[in-house]
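Engineer: dropping the sequence and predicted coords here.
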Amino acid sequence: MPGRDELEAENRKLREQILILTQQLDHLKRQLFGRRSERFDHPELFEGDMPGKPEDLQESGDEPEEDGSNGNGAAPENANKRKRARPVRAARLPANLPVREEIVTPAAVLADPEMWRRVGEDTVERLGKEPGHFYISRYIYEKYVRRDELSLPPLAAPAPPRMIGNGFWEPDLVAEVIANRYLYHLPYYRQQQLFAQRWGVDLPANTMSDAARHVGGQCAILVARMRELMLASGAIQADETTVTYLDPSADGGSSTGYFWVYRGLTTGDVVFDWRTTREHKHLADWLGPFFRGVLQSDGYDAYRGYCAAQTLRDIDLRRAACLAHIRRKFENARNQRPEVVAWILKIIAKLYLIEENLRQAGADPPARVRARERSAERLIRLLRRAVDHLLTRPILPKSDLGIALRYALGQLPAMETYLHDGRVEIDNNLIENAIRPSAVGKKNWLFVGGPEAGDRSAVIYSLLISARAHGVDPEAYLRDVIEKLPGRKAGDIDDLLPGVWADAHRSEHPASEPNRPRRSA
């Protein structure tokens, strides 16, 4: 028969397991039914004076000061390989669409019209769309022959290069279809239904997918240039998110891939990089062996490992942590020792208040450093001492509070980077906001298509999200890129980069959904 000590030990172990299971159940309930906002929604922590330190923190240091300063779009093959008859285009368009004619005369004819005689014309029609209505663009390419040299072939103005060769759609229609899919989460088949039911225009879903394939493939040169400038800036935020893709070799026909997402802290651009796994090597491949400066991220081992490897190469790369991730861990532990957790959360809230004041004042990086070193550095040190002290107390390592403390212990040293570098944000929320359209969209379109479709999706997301981040209408930006990029040489594309284009067109095409001010955590 077990002795009293054994029974007490077993009873204590069971109570610990019950506590951990209860906390896990509470966490799952919050995930399913609670609010998912990043807002710091505990106003009681700002009311009145700073509460006295909890008993567990009496030895941890000074009080903080009150300081307010078929997803790839390909048509399925028939079993007997018979080709389906292509529907007549006229039957798929209403007869009353307005037509906009444009007569294109060769430049040589305009320079000396007396020397030329018109002998005919070629007509090209393309479908376009503006908000609220479709239209037909009719380009009439006039043909001329020289009056004095009738043996020469007729002369006609050359057609401008187009992103989709002989495509029937105008850039504004292509841009709207792509923006609907990637920004507003409308799958192609739903857009097909919408256009047919509202305007009587039949736009096949596979044609929409094919248009996105062309745009994603040809715009990759812009994203490569964005990456080049971002690496040269020496200040990058990084994060990653899952996305499902079609994989015939996998059980169930699909697998989980990843968008690795990078945001330039000074360039403001956002670049998506598609990979089929979350292996650490993908981060090193994208950043390269010579990246130096600062990398801000959450606590995923890939980021810490890359920074450590760069240090071993004698390359100056510092990692900056994310205070929002630290705060979330303590939010999950609010039901365990609530007085202790509330004290910690108030310190974090004070750090965010300092950042909010700096943001409202429009402080530049040097001013941010001065304010942080004067006001925030002491709070970070106090938070580190509190965490160190609490880890000496009898707190279950697997409890929510134990997990939060151990996570904070590993991240707080990297939090000091933001104190001394004014380019760095206090958290990774800006890049998480950039990821949100892809996270919301995959609930509607479920998968990106095959593995190759992930690359074009990454290119399109990079352009649209970056344009929105720079405060311009992403659809207007993409329309201009589709129209102007064909025919450009690699060294003549900088004016089409999202940031440069935004500076030139912000007053003309302001963001229809401007970025809201960030809420403090």
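Structural biologist: The structure has been received and is ready for your questions.
Engineer: sheet-wise, list the partners of the strand or helix carrying residue 261 with their directions.
Structural biologist: Using DSSP states H and E, residue 261 falls within strand 254-264. Strand 254-264 has the following strand partners under DSSP bridges: strand 235-246 (antiparallel), strand 270-275 (antiparallel).
Engineer: mind listing the helices for the stretch 1-150 of the chain?
Structural biologist: Secondary structure of the stretch 1-150 of the chain by DSSP state H, counting those that start in this stretch: the helices cover 4-33, 107-111.
Engineer: would a markdown table of the strands paired with strand 254-264 with distance to residue 217 be doable?
Structural biologist: The way it works is simple: take the backbone N, C-alpha and C, and place the C-beta from them, glycine included. A markdown table is the format used below for those (distance: least, CB to CB, whole Å):
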| stretch | distance to residue 217 |
| --- | --- |
| strand 235-246 | 17 |
| strand 270-275 | 13 |
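Engineer: quick one: contacts for residue 361?
Structural biologist: Counting by CB atoms under 8 Å, 6 or more residues apart in numbering, residue 361 touches residue 367.
Engineer: and it, how far from residue 355?
Structural biologist: 11 Å (CB to CB, to the nearest Å).
Engineer: got the contact list for stretch 20-33?
Structural biologist: In contact with stretch 20-33 (CB under 8 Å, 6+ apart) are residues 332, 333, 335, 336, 396, 398, 399, 400.
Engineer: from the residues you listed, keep the buried residues only.
Structural biologist: Among the contacts of stretch 20-33, those classed as buried by 16 or more other CB atoms under 10 Å are 332, 333, 336, 396, 399, 400.
Engineer: any idea which of those residues is closest to residue 457?
Structural biologist: The closest of the buried ones among the contacts of stretch 20-33 to residue 457 turns out to be residue 332 (CB to CB; 32.3 Å).
Engineer: let me see the contact set for that closest one.
Structural biologist: Residue 332 neighbours (CB under 8 Å, 6+ apart): 23, 27, 30, 400, 403, 404.
Engineer: in the buried ones among the contacts of stretch 20-33, find the pair that's most separated.
Structural biologist: 332 and 396 (13.9 Å).
Engineer: shared neighbours, the two?
Structural biologist: Common neighbours of residue 332 and residue 396 (CB under 8 Å, 6+ apart) do not exist.
Engineer: where in this structure is pLDDT low?
Structural biologist: Along the chain, segments meeting pLDDT under 70 span 1-2, 30-53, 55, 58-91, 439-447, 512-521.
Engineer: could you pull out the strands for it?
Structural biologist: In the chain, the strands defined using DSSP state E lie at 99-104, 116-130, 133-146, 155-156, 235-246, 254-264, 270-275, 293-296, 317-320.
Engineer: give me the helices and strands touching the longest one, please.
Structural biologist: What that stands for is strand 116-130. strand 133-146, helix 171-182 (3 or more CB pairs under 8 Å, 6 or more residues apart in numbering; DSSP states H and E).
Engineer: hey, which of those is tucked in deepest?
Structural biologist: helix 171-182 (a mean of 23; mean count of other CB atoms under 10 Å).
Engineer: that one - contacts with which helices or strands?
Structural biologist: Using 3+ CB pairs under 8 Å, 6+ apart: helix 171-182 touches strand 116-130, helix 188-199, helix 205-218, helix 429-445, helix 451-469, helix 474-484.
Engineer: which of the strands of the chain sits closest to residue 503?
Structural biologist: Comparing these by CB to CB, strand 254-264 comes nearest, at 15.1 Å.
Engineer: follow-up on the earlier one: chain center to the strand holding residue 261: distance?
Structural biologist: 10 Å (CA atoms, centre = their mean, to the nearest Å).
Engineer: can you check stretch 289-307 too?
Structural biologist: That offset, for stretch 289-307, works out to 19 Å (CA atoms, centre = their mean).
Engineer: quick one, what contacts residue 167?
Structural biologist: 126, 174, 211, 214.
Engineer: any of the residues you listed buried? List them.
Structural biologist: Using 16+ other CB under 10 Å, the buried members of the contacts of residue 167 are 126, 174, 211, 214.
Engineer: so the last one touches residue 164, yeah?
Structural biologist: The reference is to residue 214. Yes: at 4.7 Å, residue 214 counts as touching residue 164 under the criterion of CB atoms under 8 Å.
Engineer: what is the neighbour count of the closest residue to residue 393 other than its chain neighbours?
Structural biologist: Leaving out its chain neighbours, the residue that sits closest to residue 393 by CB to CB, 6 or more residues apart in numbering is residue 56, at 5.6 Å. Close neighbours of residue 56, defined as other CB atoms under 10 Å, add up to 18.
Engineer: and residue 56, what does it touch?
Structural biologist: 337, 340, 389, 390, 393 are the contacts of residue 56 under CB under 8 Å, 6+ apart.
Engineer: rerun that using 10 Å as the cut-off
Structural biologist: 337, 339, 340, 343, 386, 389, 390, 392, 393, 394, 395 (CB atoms under 10 Å, 6 or more residues apart in numbering).
Engineer: ok, back up a step: and the buried ones among the contacts of residue 167, which is closest to residue 8?
Structural biologist: residue 211 (71.0 Å).
Engineer: the closest one and residue 162 touch, don't they?
Structural biologist: No: assessed by CB atoms under 10 Å, residue 211 is found out of contact with residue 162, at 11.5 Å.
Engineer: common neighbours of those two, please.
Structural biologist: Taking CB under 10 Å, 6+ apart as the criterion, residue 211 and residue 162 both touch 169, 482.
Engineer: select, out of the helices of the stretch 1-150 of the chain, the one closest to residue 450.
Structural biologist: Closest among the helices of the stretch 1-150 of the chain, using CB to CB: helix 4-33, at 31.1 Å.
Engineer: any idea how far residue 229 is from residue 236?
Structural biologist: In terms of CB to CB, residue 236 sits 11 Å off from residue 229.
Engineer: who has more neighbours out of the two?
Structural biologist: residue 236 (25 against 16).
Engineer: what bridges to the more buried one?
Structural biologist: Residues in beta-bridge contact with residue 236 (DSSP bridges): residue 264, residue 295.
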